[in-house]
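Colleague: sequence and predicted structure are below.
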Amino acid sequence: MILNRKAVVLLSGGLDSTLAIRILQEQGIEIEALNIRTVFGCCKDDAVGVAARLGVKVTVTAATDEYFKLVEKPKYGRGKGINPCVDCRIYMFRMAKKLMMLTEASFVATGEVLGQRPMSQQMHQLDIIEEESGLKDILLRPLSAKLLEPTQPEREGIVDRNRLYAVSGRSRKELLALARKYDIDNPPVPSTGCVLTEPDFARKVQDVFDHRPDYERWDFETLNVGRHFRLNDKTKVILGRNQEENDRLELLHRRHTALLIPFDFRGPSALVVGELEQELVDKTMGIILHYTKDESSSKRTFEYRTNGTKEKKTYAGEALAQEELAQYRI
């Protein structure tokens, strides 16, 4: 393969990927940046703003259905939650390879640091990712390059290995020093990262896999909103925790779901996903009442929206007790 001086760089918007771009720019490498949105929180920094400040073109793309399939059944296992870190990186680098071919770049680079993340940045994991992504010998990691075998771009002098680095481990001291060297003002702090590592969120993702075999991206977008309750194998309720989340539930509401909005009292909205039998709707009203502080009336009215229609429903029942509510919480 004949190389040129153009590279695709995975850009999260964080410090590491920003540094990778600056290091290559210093060597006159033309950059095409790629930012992949997964709905799970990684790569959620301001990639577009960072790309603009760096003067590089960025392609922002959403993860495809293939990505959610690998989260469900990863080849290389999971971390402490439901995070398939190695499979995730392989997926992203395959996307980067596609952009590389489309833009006639000749190698891919990343801000990965050897040993920084235990599930995807140990030496053997880096080797697996490079091999499985189809980027053997053309995947450059500028921050840790001197600790790794030289890649083809280095061997052929496209990139000067002597001007790359030997950063490793979890300390940010060297990275912050490089930020000063490359005039990166106000370097971003590390983000909270991928929510798939969090046990509470992992349970909600697994619930989708268990109960929604024909899941789509929308199912995972709902997981970032509200409290979640599993009423039965086919029905789930999502309850807003504040007005912003109530508004989000209105946007997420679509055909074959029901939206319940308190009409004559203050309380959270609820999105019902699945079967819409009256018994389940009544139970949802009881859940809503559990989270309202308004006790001015024993009979409450809700606006009930489903399949493009609106109607008023009255509920004279009790709020669900904490003990029963706990049985349904995901």
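Modeller: Arrived safely, thanks for sending. Small disclaimer: the values here were computed from a predicted structure and weren't measured.

Colleague: hey, let's count contacts and neighbours off CA atoms from now on
Modeller: Will do.

Colleague: check contacts around I23.
Modeller: Contacts of I23 were listed using CA atoms under 8 Å, 6 or more residues apart in numbering, and they are 142, 164, 182.

Colleague: distance of it relative to M100?
Modeller: Distance, I23 to M100, by CA to CA, to the nearest Å: 19 Å.

Colleague: G193 now?
Modeller: 26 Å.

Colleague: quick one on the thing from earlier: make TSV from the contacts of I23 and add distance to M1 to it.
Modeller: What follows is the contacts of I23, written out as TSV (distance: CA to CA, whole Å):
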residue	distance to M1
P142	21
L164	23
Y182	31
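
Colleague: in these, which residue is surrounded by the most others?
Modeller: P142 (28 neighbours; other CA atoms under 10 Å).

Colleague: coming back round to it: so for G193 and M100, which sits in the more crowded spot?
Modeller: M100 (22 against 14).

Colleague: any idea of the pLDDT on the residue most central in space within the chain?
Modeller: In the chain, the residue lying closest to the centroid (CA atoms, centre = their mean) is F40, at 2.1 Å. We have a pLDDT of 90 for F40.

Colleague: right, and it touches T197 too?
Modeller: No. Counting by CA atoms under 8 Å, F40 sits too far from T197 to count as a contact (9.7 Å).

Colleague: shared neighbours of the two, anything?
Modeller: Counting by CA under 8 Å, 6+ apart, F40 and T197 have no contacts in common.

Colleague: count of residues packed around the nearest residue to L252 once chain neighbours are set aside?
Modeller: For L252, ignoring the flanking residues on the chain, the nearest one in space by CA to CA, 6 or more residues apart in numbering is T222 at 7.1 Å. For T222, the neighbour count with other CA under 10 Å is 18.

Colleague: list phi and psi for the closest residue to L280 other than its chain neighbours.
Modeller: Of all residues not flanking L280 in the chain, L231 sits nearest, at 7.5 Å (CA to CA, 6+ apart). With angles defined as degrees, to the nearest 10, L231 sits at phi -80, psi -40.

Colleague: give me phi/psi at R22?
Modeller: Torsion angles, degrees, to the nearest 10, at R22: phi -60, psi -40.

Colleague: ok, it touching D183?
Modeller: No. Judged on CA under 8 Å, R22 makes no contact with D183 at a distance of 9.4 Å.

Colleague: okay, those two: which has more neighbours?
Modeller: Neighbour totals were compared for R22 and D183, and R22 leads with 20 against 11 (other CA under 10 Å).

Colleague: how far away is A270 from P142?
Modeller: Distance, A270 to P142, using CA to CA: 48 Å.

Colleague: for S171, give me phi and psi.
Modeller: Backbone torsions for S171, taken as degrees, to the nearest 10, come to phi -70, psi 140.

Colleague: contact partners for the closest residue to D185 other than its chain neighbours?
Modeller: Distances taken as CA to CA, 6+ apart place A179 nearest to D185, at 7.4 Å, with adjacent residues excluded. Contacts for A179 (CA under 8 Å, 6+ apart) come out as 15, 19, 185, 187.

Colleague: please pick the buried ones from the residues you listed.
Modeller: Buried residues within the contacts of A179, counting neighbours by 16 or more other CA atoms under 10 Å: 15, 19, 187.

Colleague: identify those among the residues you listed that sit within helices.
Modeller: 15, 19 (DSSP state H).

Colleague: name the nearest of the buried ones among the contacts of A179 relative to P153.
Modeller: Of all the buried ones among the contacts of A179, P153 sits closest to L19, with 18.1 Å by CA to CA.

Colleague: isn't the closest one up against G111?
Modeller: Yes. Checked against CA under 8 Å, the pair L19 and G111 is within contact range at 6.9 Å.

Colleague: find residues that contact each of these two.
Modeller: Common neighbours of L19 and G111 are listed as L143 (criterion: CA under 8 Å, 6+ apart).

Colleague: possible to save the buried ones among the contacts of A179 as a markdown table with pLDDT?
Modeller: What follows is the buried ones among the contacts of A179, written out as a markdown table (pLDDT from 0 to 100):
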| residue | pLDDT |
| --- | --- |
| L15 | 94 |
| L19 | 98 |
| P187 | 86 |
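
Colleague: dump the buried ones among the contacts of A179 to CSV, plus distance to Y304.
Modeller: Listed next are the buried ones among the contacts of A179 as CSV, based on distance: CA to CA, whole Å:
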residue, distance to Y304
L15, 46
L19, 51
P187, 47
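
Colleague: what segments of the protein are helices?
Modeller: Here the chain has its helices, by DSSP H, at 15-26, 47-54, 65-72, 85-103, 123-132, 152-155, 173-181, 199-211, 217-221, 243-252, 278-290, 322-328.

Colleague: quick revisit: look up how far E311 lies from the residue nearest to L280.
Modeller: L231 is 23 Å from E311, by CA to CA.
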